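Asker: A predicted structure for the sequence below; I have some questions about it.
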Amino acid sequence: MRKILLLLIITFMSPTLFAEPNLPKGIIKITPRPAPPLNLENMDGEKFVLERHTQHWRFVHFWASWCGPCRKEMPAIEKLIQKMFGLNVKFFIVNTAESEDTIFSFLGGVAPNINTLLDRDGLTTEAWKPRGLPSTYLVDPNGQIQYVVIGGQDWLKPQYLTFLRQLPILKNKNNK
Amino acid sequence: MYSLYSMCMDIKHFQVLSITPLMLLIGLSASHSSYAASNRQVNENQYIKMVVIPRTPQQMAAFYEGREFPKTAIDETRSACFFTTVIHNKSKNIIQHDYSRWQLNTDATTVSLISKQQWKQRWKQLNIPQRFQSTFRWTLLPEQLDFQAAEHEGGNITILRQAAPFDLVAYFTTVEQEKIKTIRMEFKNLRCAEDTPQ
């Protein structure tokens, strides 16, 4: 009986994931939660930190070269980054636990303009708890994860571009 | 079509197209597909399509060698049977998956799945670097998950290597017309895959 009750509560009362009308396929609105820390270097040794309060939305994407959908999706993400340059979204592309040689040779073939961040030990990825790889999170300017994206998507389709461009610039605490 | 591609696994041709650890198994598809393909089992109803594919030790070793895993880790994988498992929520509702509701039985005894925690402990004992532990973790099927409508997930389930065949009964739950419904998927006579003699 307690099990059934628990299941009912999970199903009806705590919709961590819920559908929102007009979202492009694969994008799911979630109950906002703080983004875990992300403090990584890119392939040139430059440090990047996902700040709690900023002006931009953040597109945080976890990938690995052995992941088929990642391989398929990466060229679209490379072009998406170009199309969104200077707009409301910044990109944090994170490789999960692969060697620099592997990453370098993979990106050289599919998306040479992406300078990925390196999660060398995989612990940052673990902290974000993705459902699988690839996984994308959309983090609002106040550091809250607002959307998760299941699987790889064709980000160059108009519905995805429109969705990303229309993400609202929230009034964050630094702007008060 | 792109998103479909990204979210599904072409089981027939053994090319993993899906999210989660499963895509790992791209590396398995080319050279050893004939054995596993002939032993895969597919079970489908109106809610779920589920596929279970036994993997040979050689297949798994080849995959992890390709990921630069140390030899000690690869040798350890040989102690286990790997079954690539793909689950597709065909319904329009959330379907809940939890390993604890799965039953694996031989004629004589119950078989236990090796949990992620058990693998983690083993890797620690063997001093396997963290990055390989992380990659290995992504090759396993999630132990609990709320499957979204139309979502595919996949990954390996593992048991200690054994000769006896066993049955797997996986239970899932969903809510249909405000009632909890249990979905039962049964796979009979699963066997650990063996390497083919050279």
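Answerer: Structure's in. What do you need? Numbers count the residues shown, from 1 in each chain, chains lettered A, B, ... in the order given.

Asker: show me where pLDDT drops low in the chain?
Answerer: Went with chain A since none was named. Where chain A drops to pLDDT under 70, the residues are A:1-21, A:170-176.

Asker: chain B, not that one
Answerer: By pLDDT under 70, the weakly predicted segments of chain B are B:1-38, B:198.

Asker: any chance you could map the helices in it?
Answerer: Per DSSP state H, chain B has helices spanning B:2-7, B:26-29, B:33-39, B:57-66, B:71-77, B:116-125, B:130-138. These are given in chain order.

Asker: same question for chain A.
Answerer: Applying DSSP H to chain A gives helices spanning A:2-8, A:68-83, A:100-110, A:123-128, A:158-165.

Asker: show me the one of the ones you listed that comes nearest B:Gly155.
Answerer: Ranking these by proximity to B:Gly155 (C-beta to C-beta) places helix A:68-83 first, at 13.2 Å. For every residue, glycine as well, the C-beta is placed using N, CA and C.

Asker: against which helices or strands is that closest one packed?
Answerer: If you count contacts as 3 or more C-beta pairs under 8 Å, 6 or more residues apart in numbering or on different chains; DSSP states H and E, helix A:68-83 packs onto strand A:57-63, strand A:89-96, helix A:100-110, helix A:158-165, helix B:2-7.

Asker: how far does the first one sit from its chain's centre?
Answerer: What it means is strand A:57-63. Relative to the centre of its chain, strand A:57-63 is centred 3 Å away, using C-alpha atoms, centre = their mean, to the nearest Å.

Asker: for the longest one, same thing?
Answerer: When C-alpha coordinates are averaged (C-alpha atoms, centre = their mean), helix A:100-110 and its chain have centres 20 Å apart.

Asker: residues touching A:Met84, list them.
Answerer: Going by C-beta atoms under 8 Å, 6 or more residues apart in numbering or on different chains, A:Met84 touches A:59, A:91, A:164-165.

Asker: adding neighbour count and distance to chain B, write the residues you listed out as CSV.
Answerer: As requested, the contacts of A:Met84 are exported to CSV (neighbours: other C-beta atoms under 10 Å in any protein chain shown; distance: C-beta to the nearest C-beta, whole Å):
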residue, neighbour count, distance to chain B
A:Phe59, 23, 17
A:Phe91, 18, 19
A:Leu164, 20, 15
A:Arg165, 12, 19
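
Asker: that older thread, to B:Pro197, which of the helices and strands packed on helix A:68-83 lies closest?
Answerer: The nearest among the helices and strands packed on helix A:68-83, by C-beta to C-beta, is helix A:100-110 at 32.7 Å.

Asker: returning to that earlier point: any idea which of the helices and strands packed on helix A:68-83 is most buried?
Answerer: strand A:57-63 (a mean of 25; mean count of other C-beta atoms under 10 Å in any protein chain shown).

Asker: elements contacting that strand?
Answerer: Packing partners of strand A:57-63 (3+ C-beta pairs under 8 Å, 6+ apart): helix A:68-83, strand A:89-96, helix A:123-128, strand A:135-139.

Asker: quick check: B:Ile180 touching B:Gln96?
Answerer: No - using C-beta atoms under 8 Å, B:Ile180 is not in contact with B:Gln96, being 9.6 Å away.

Asker: so which of the helices of chain A gets nearest B:Thr196?
Answerer: helix A:68-83 (25.4 Å).

Asker: flag every buried residue along the closest one.
Answerer: A:68-78, A:80-81 (16 or more other C-beta atoms under 10 Å in any protein chain shown).

Asker: go through the residues you listed and say which is closest to A:Asn22.
Answerer: A:Leu80 (19.7 Å).
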